[in-house]
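>>> any chance you could fold what I've pasted below:
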Amino acid sequence: MKQNNIFKLIRTVEQMNNENIMQFTKAFQHPLGISPILVLAELRTKGPQKQAELAETIGYTKGAMTNIAEKLVSLGFAERLYDESDRRTIQLQITTGGRDALKEAQTIGEEVFMQLFENLNEEEINQYLLIQEKIVQGIKSRKKI
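Numbering: from 1, shown residues only. Okay, here's the model as predicted:
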């Protein structure tokens, strides 16, 4: 019985995530998914970085990071910085346009999540929060092993 409920929970979480992604995509005016947005957030937080460092930090392959960087540069959301002493060293830096797009993405994301949880009362939100915190703690514990 427990396994059936876990699989039902997995399907429900997938449906919820898919619906959130569709709502976000419909509201966000730029042709970006979550991966480039995560890269923009990382660049805003930590400043210019090499693509290989970004790939490792976020958990993408170097090839995927190259595609993301190319898309961000072509949209004007990031720019490549070349080291004058070593032209092989290239860093990616967020632009003003990238900061604006990231701010818009975060605002839309907040709105989508507010709509997601609007059917829950305060007690249900507190219960859900406790469950999510327990799951996150389990994930962190497994990473330490």
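>>> average model confidence for the biggest helix by length in the chain?
Using DSSP state H to define each element, the chain has its longest helix at helix 2-27. Throughout helix 2-27, pLDDT has a mean value of 91.
>>> output the contacting helices and strands for the helix or strand following that helix.
Remark: after helix 2-27, the chain's next helix or strand is helix 34-46, criterion DSSP states H and E. In terms of contacts (3 or more CB pairs under 8 Å, 6 or more residues apart in numbering; DSSP states H and E), helix 34-46 is packed against helix 51-58, helix 62-74, strand 78-82, strand 90-94, helix 96-117. Glycine gets a C-beta too; all of them are placed from N, C-alpha and C.
>>> roughly how far is the first one from the heart of the chain?
In terms of CA atoms, centre = their mean, to the nearest Å, the centre of helix 51-58 is found 14 Å from the chain centre.
>>> going forward can the numbers begin at 24, since that is how I track them
From this message on, residue numbering opens at 24, which makes the last subject helix 74-81.
>>> average model confidence for it?
pLDDT averaged over helix 74-81 gives 92.
>>> quick one: terminal-to-terminal distance for stretch 99-113?
Length of stretch 99-113, first residue to last, CA to CA, to the nearest Å: 17 Å.
>>> mean confidence score for it?
86.
>>> neighbouring contacts of that stretch?
53, 55, 59, 62-63, 66, 71, 73-74, 92, 95-96, 114-118, 120-121, 124 (CB atoms under 8 Å, 6 or more residues apart in numbering).
>>> ok, the residue minimising distance to the centre of the chain - contacts?
For the chain, the residue nearest the mean C-alpha position is residue 61 (4.0 Å; CA atoms, centre = their mean). Contacts for residue 61 (CB under 8 Å, 6+ apart) come out as residue 81.
>>> any idea how far residue 55 is from it?
Residue 61 sits at a distance of 10 Å from residue 55 (criterion: CB to CB, to the nearest Å).
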